[in-house]
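S.K.: starting from these lines, generate the structure:
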Amino acid sequence: MKVLIVGAGIAGPTLAYWLQKSGHEVTIVEHAPELRSGGYLVDFWGAGFNVAEKMGIVPELRRRGYVMTEARAVNRDGRKVASFKPEAIMESVERYLSLARSDLSAVIYGAIGSVELILGDTVGALEDDGNRVRVSFDGGTNRDFDLVVGADGLHSLVRRVAFGPDDRFEKYLGMVVAAFEAERYPQRNELVAMMHADVGFQAVRHSLHDDATLFLFSLRHDGNVPTDRAAQESLLRAKLGDKGWEMPTMLDLMPRAKNFYFDSVSQIRMPSWTSGRVALVGDAAACPSFPAGQGSALAMVEAYTLAAELARTLTIVLRSLAMSSGSPRCCTPSRMPQRVWVWPLRPRIDSSSLQGTR
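M.R.: Predicted coordinates:
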């Protein structure tokens, strides 16, 4: 089966890995001109960790990641007011680590092997005739695929084209999040998440490898969410500039940050994740929101589940054809009925199949 995956974040490459294992021909298209870098740290554990183990990528994730020893809260004067250790909220830190979202994406993509990757382009239009999807790319080319999967995040273009406008599915939670990195920041607390929070905001500082520091801000915002960087930086200064701790120093570094990230905090709620031969996965289908802290892990679980269901469906069909005709050799994806290839996926995930060892 020829599958187009739109988006090269977490869900897209994970799905590509498992579909390729099943023998499908996979193409990934990514709007950005290169695979993304920067972003924020994610806490990686639970069912997503199980998928990573099945993919054999945990050693590389450990090499790139961090096992935090403490989360420490300070007041506006920098004095410690509270702290806790990860062991206090999870059974074991042996299956837990923190790492940059872009590093997780890069490691997953590196495990795929040979796959067609199109950078600097995206989907312009989709025409599903029941037998295949004609994809018109923004770059001007047209191609046919048996299945198109939108793995293009919270603001999914595929969701907008195939399912409807964002306001039907996106629930804005009245917050924005921002992150950026700086080099040679004078304050370092190795393997400690330094936090300063009060009503309406939180700021977090992480010391990273190679003398880099990550700054992460989340704050309440009830107005329109700015889309250009200058307005985003102005909003952060206006909301956080007088909050004490190291905030003025952090914000002074913001204009020089190359990997500045800013987005709304929203959830995606949908009654179904498929429409004909078009499907959604990851944040495009069911973003739990930034504060939930499990978006990346859920994206991997969803991709694993979708690939497993497609493989199971194909097995059932081929067995049925073998029993009825003695041989499935005449059957190709383009000649299969639509129901064979895209089962209606509704919001229910059972990760019990991910438990245990490989």
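S.K.: ok, residues contacting stretch 102-109?
M.R.: 8-10, 13-14, 17, 35-39, 42, 44, 55, 57, 60-61, 64-65, 296, 300 (C-beta atoms under 8 Å, 6 or more residues apart in numbering). Bear in mind the C-beta positions are built from the backbone N, C-alpha and C, glycine included.
S.K.: so which of the residues you listed sit within helices?
M.R.: Residues of those located in helices (DSSP state H): 13, 14, 17, 55, 60, 61, 64, 296, 300.
S.K.: going through those, which ones are buried?
M.R.: For the ones in helices among the contacts of stretch 102-109, a burial check counting by 16 or more other C-beta atoms under 10 Å picks out 13, 14, 17, 55, 60, 61, 296, 300.
S.K.: pull out the buried positions in stretch 98-113.
M.R.: Buried residues in stretch 98-113 (16+ other C-beta under 10 Å): 98-109, 111-112.
S.K.: identify those among the residues you listed that sit within helices.
M.R.: 101, 102, 103, 104, 105, 106, 107, 108, 109, 111, 112.
S.K.: widest-spaced pair of these?
M.R.: 101 and 112 (17.6 Å; C-beta to C-beta).
S.K.: and the ones in helices among the buried residues of stretch 98-113 as a markdown table, adding distance to residue 227 and pLDDT?
M.R.: Output for these, formatted as a markdown table (distance: C-beta to C-beta, whole Å; pLDDT from 0 to 100):
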| residue | distance to residue 227 | pLDDT |
| --- | --- | --- |
| 101 | 21 | 92 |
| 102 | 21 | 92 |
| 103 | 26 | 94 |
| 104 | 26 | 96 |
| 105 | 23 | 96 |
| 106 | 26 | 95 |
| 107 | 30 | 97 |
| 108 | 28 | 97 |
| 109 | 27 | 96 |
| 111 | 34 | 97 |
| 112 | 32 | 95 |
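S.K.: now, among those, which is nearest to residue 255?
M.R.: Closest approach between those and residue 255, by C-beta to C-beta: residue 102, at 21.1 Å.
S.K.: for residue 95, see how far away the closest one is.
M.R.: 22 Å (C-beta to C-beta, to the nearest Å).
S.K.: for residue 60, same thing?
M.R.: 15 Å.
S.K.: then residue 238?
M.R.: From residue 238 to residue 95 the distance is 41 Å (C-beta to C-beta).
S.K.: those two: who's more crowded?
M.R.: Neighbour count, other C-beta atoms under 10 Å: between residue 238 and residue 95, residue 95 has more, with 15 against 9.
S.K.: next, count neighbours for the closest residue to that one other than its chain neighbours.
M.R.: In space, and not counting its chain neighbours, residue 95 is closest to residue 49: 5.2 Å by C-beta to C-beta, 6 or more residues apart in numbering. Using other C-beta under 10 Å, residue 49 has 18 other residues around it.
S.K.: i'd like the first residue to be 625 from this point on
M.R.: Okay, using 625 as the starting number, the last item reads as residue 673.
S.K.: and residue 673, what pLDDT?
M.R.: Residue 673 is assigned 93 on the pLDDT scale.
S.K.: next: residue 957.
M.R.: Reported pLDDT for residue 957: 41.
S.K.: and residue 713, by the same measure?
M.R.: pLDDT, read off for residue 713, is 78.
S.K.: how are the helices of the stretch 825-974 of the chain distributed by residue range?
M.R.: Listed in chain order, the helices of the stretch 825-974 of the chain (DSSP state H, counting those that start in this stretch) span residues 853-864, 871-877, 907-910, 919-949, 962-965.
S.K.: out of those, the one nearest residue 652 is which?
M.R.: Here helix 919-949 is closest among those (C-beta to C-beta), at 12.2 Å.
S.K.: what's the neighbour count on residue 798?
M.R.: Neighbour tally, residue 798, other C-beta under 10 Å: 13.
S.K.: so who does it touch?
M.R.: 844, 845, 846, 889.
S.K.: tell me the pLDDT of the last one.
M.R.: The per-residue pLDDT reported for residue 889 equals 96.
S.K.: for it, list each beta-bridge partner.
M.R.: Beta-bridge partners for residue 889, by DSSP bridges, are residue 799.
S.K.: still on that earlier bit, for the helices of the stretch 825-974 of the chain, give me TSV that also has mean pLDDT and distance to residue 806.
M.R.: Converted to TSV, the helices of the stretch 825-974 of the chain look like this (pLDDT from 0 to 100; distance: least, C-beta to C-beta, whole Å):
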stretch	mean pLDDT	distance to residue 806
helix 853-864	97	14
helix 871-877	97	4
helix 907-910	96	27
helix 919-949	77	23
helix 962-965	40	48
